[in-house]
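Engineer: have a look at this prediction, sequence included:
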Amino acid sequence: MKHGRSIPLATAILTLLLFVGGTAGPAWAIRPDEVLANPVLEARARAIGSELRCLVCQNESIDDSDADLAHDLRLLVRQRLLAGDSDEQVKQYMVSRYGTYVLLKPPFNLDTVFLWLGPLGFLVCAAGAAAVFYRRSALLPQEATQFSADEKRRLAALTGEDSTKTGGT
């Protein structure tokens, strides 16, 4: 009896492990050949990599992406750190090569004002359109639909009611 119960339990545990292992993919994006021997530099590289956008995946950092370009960018970050660049210098180098789009959190400036204020603008426009729509519909006269005598007779014939009861002639 115990053996029969352990099979569904083992299946559930195996399924859970496969699911959790499948969602942990981005943690394995950094390849062993990329890891720096100096743990301090490696921690800095990971911190910088988490702030840079993968230009292929677009909504992932280069540390989370498995794309070849993300691999190249991670190597470039590590090369710049080994050359003695500060974290800010590495980010500025990447921005000079790829533009502010490479930053996951771009700065608020004239180039990115639409990126930052665009969603708010769309929300304001949508709220304004909704207000105009409801305001106009409230101003329209609400007329009750009156049927003509012919329409009342046809309706009575279709429903099987007596047209004299419905007020028709």
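Structural biologist: Right, received. Where do you want to start? Numbering: from 1, shown residues only.
Engineer: count the neighbours of P119 for me.
Structural biologist: Look at P119: counted by other Cβ atoms under 10 Å, it has 10 neighbours. The way it works is simple: take the backbone N, C-alpha and C, and place the C-beta from them, glycine included.
Engineer: also Y134?
Structural biologist: Neighbour number of Y134 under other Cβ under 10 Å is 10.
Engineer: what does the most centrally placed residue in the chain show for phi and psi?
Structural biologist: The structure's the chain has its C-alpha centroid closest to N59; by Cα atoms, centre = their mean the separation is 8.2 Å. Main-chain torsions, N59, degrees, to the nearest 10: phi -120, psi 20.
Engineer: what does the pLDDT read for the nearest residue to it once chain neighbours are set aside?
Structural biologist: Excluding the flanking residues, the one nearest N59 by Cβ to Cβ, 6 or more residues apart in numbering is R53, at 7.7 Å. You'll see R53 listed with a pLDDT of 90.
Engineer: re earlier: so how far is A149 from the residue nearest to the centre of the chain?
Structural biologist: 65 Å (Cβ to Cβ, to the nearest Å).
Engineer: before we move on, what about D85?
Structural biologist: Distance, D85 to A149, by Cβ to Cβ: 89 Å.
Engineer: OK, contacts around the residue nearest to N59?
Structural biologist: R53 makes contact with N59, E60, S61, I62, Y101, V102, L103, L104, according to Cβ atoms under 8 Å, 6 or more residues apart in numbering.
Engineer: repeat that with 7 Å
Structural biologist: Counting by Cβ atoms under 7 Å, 6 or more residues apart in numbering, R53 makes contact with S61, Y101, V102, L103, L104.
Engineer: biggest separation within those, which pair?
Structural biologist: S61 and Y101 (13.3 Å; Cβ to Cβ).
Engineer: counting neighbours, go ahead and name the busier of those two.
Structural biologist: Shown here are S61 and Y101; by other Cβ under 10 Å, S61 has more neighbours (21 against 14).
Engineer: what is the burial count for the closest residue to that one other than its chain neighbours?
Structural biologist: Ranked by Cβ to Cβ, 6+ apart and with sequence neighbours excluded, the top spatial neighbour of S61 is S50, at 4.8 Å. Using other Cβ under 10 Å, the number of residues around S50 comes to 12.
Engineer: S65 is in contact with S50, correct?
Structural biologist: No - using Cβ atoms under 7 Å, S50 is not in contact with S65, being 11.2 Å away.
Engineer: please state the offset of the helix ranked longest in the chain from the chain centre?
Structural biologist: Using DSSP state H, we find that the single longest helix of the chain is helix 113-139. Centroid separation for helix 113-139 versus its chain: 21 Å, with Cα atoms, centre = their mean, to the nearest Å.
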